[in-house]
Every structure is written in structure tokens, then in C-alpha cells.
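J.: requesting a structural model of the entry that follows:
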Amino acid sequence: MTELDAQIQVDHGLFLLKKVLEDLNTITPIDVAIDRACNRDRLRELRQDAITVLTSIIEAKTFLGCDYEREQKMINQIKSLGGQSY
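T.: The predicted structure follows:
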């Protein structure tokens, strides 16, 4: 990985994280009820997507030598919200 690749990975990760948050804001209680009836957990899927993106950002920031404490805290908060192991 080059420095440019790592910077692109961070920027792309932040873009993807914004998309995940937008998707999370569009889920209504009716959607959650329908998902439960269909044995689907879209909230869990979005939490997993966010963790994956944040892990990618941490990897790139580690390569760049940048602080990634905020991203690690976000991962811990997401894991505590879910109540399930990821």
C-alpha cells in the first residue's frame, strides 16, 4: 500500500460511512417490524457494514501513522449497541 492508496482508502471509507448513516436514518419502525417478520435484521447488517468500513479506515490510518482512537471508540459503541458479537 502506498501513502496515496491509504489516503484514498480513508476518504472512501468516510464516504461509505456517511452512506451507511444515511441508510440507517431511513429505516422506520415499520421497516424493522417487516424485517423481523421476514427473519432479516437490517440494523445488524448496517452495524456490521459500519464496523467493516471503520476497520478499513483504521488500517489505512495505521499505515499513515495517524491517530485512529475516534474510529476505535465508534466501533466499540456500535458493538455495545448491538448486544451481539461481531
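
J.: buried stuff in stretch 2-9?
T.: A6, Q9 (16 or more other CB atoms under 10 Å). In this view, the C-beta of every residue, glycine as well, is placed from N, C-alpha and C.

J.: meant to ask about stretch 10-21, not that
T.: Using 16+ other CB under 10 Å as the test for burial, stretch 10-21 gives V10, G13, L16, L17, V20.

J.: also stretch 37-47?
T.: Within stretch 37-47, the residues scored as buried using 16+ other CB under 10 Å are R42, L46, R47.

J.: quick check: phi and psi on the last one?
T.: This means R47. Backbone torsions of R47, given as degrees, to the nearest 10, read phi -60, psi -40.

J.: my read: it touches Q77, true?
T.: No - under the criterion of CB atoms under 8 Å, R47 makes no contact with Q77, lying 10.2 Å away.

J.: could you list the low-pLDDT ranges of the chain?
T.: Flagging of the chain using pLDDT under 70 yields the residue ranges 82-86.

J.: quick check: most distant residue from the centroid of it.
T.: When distances are taken from the C-alpha mean of the chain, A37 lies farthest, 24.9 Å away, according to CA atoms, centre = their mean.

J.: all helices for this protein, in order.
T.: For the chain, applying DSSP state H gives helices covering 3-25, 29-37, 42-64, 69-82.
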